[in-house]
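Build the 3D model from these lines:
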Amino acid sequence: MAWWVWVLAAFLLLIIEFHATTAHIGFFAVGAFLVAIIVGAGIPMPLWGQLLTFSISSVVLLIFVRPIVVRKLGFNITKVVDTFVGERAVVLADLPVAAEGKAEMRGSTWTARNVGETPLLKGQRCVVEQIVGLTIHVRAW
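Numbering: from 1, shown residues only. Down below sits the predicted model:
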């Protein structure tokens, strides 16, 4: 294949990478650029050799370079904007043990699950133990 075909393939892979949510496809674009450089330098290589070089270089980059890039760019850090653990809530209706109901916290109504050992009464204050999805797990304060 001609070198410009590999460059075109690399740019197409980069376009896909920019629209993807994970950082995987860009390493295949680098592999395509590498083959374009080899073919463009005039090194004779059959099509199967080009495809093998592309595949091996892309996978090696993906396995060994991606973890370094992810760590350097901070993609592996989970960002917590706000946490409700430890916040106070007010039960809006009687809430037996291990049951779900409604509670008010920070001016919003939440689905609440009583994870404590005692039932919660309407208007009683409680503390948030954890959040699972959009449900706050509360116990008596």
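
Spit out the contact partners of Gly123.
Contacts here follow CB atoms under 8 Å, 6 or more residues apart in numbering; on that basis Gly123 touches Val90, Val91. Heads up, the C-betas are built off the backbone N, CA and C, glycines and all.

That one belongs to a strand?
No - residue assignment for Gly123, taken from DSSP: H, G, I helix; E, B strand; the rest coil, gives coil, which places it outside any strand.

Against Val91, how distant is it?
Between Gly123 and Val91 the distance, using CB to CB, to the nearest Å, works out to 7 Å.

Please apply the same query to Ile136.
According to CB to CB, Ile136 and Val91 sit 11 Å apart.

cool, and Ile16?
As it turns out, when the distance is counted by CB to CB, Ile16 lies 50 Å from Val91.

neighbour count winner among those two?
For Ile16 against Val91, the residue with the higher neighbour count under other CB atoms under 10 Å is Val91, and the figures read 22 against 14.

Map the structural domains onto the sequence of the chain.
3-73, 88-140 (automatic domain parsing).

Compile these into TSV and extend it with columns for mean pLDDT.
Shown next, in TSV, are those (pLDDT from 0 to 100):
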stretch	mean pLDDT
domain 3-73	95
domain 88-140	95
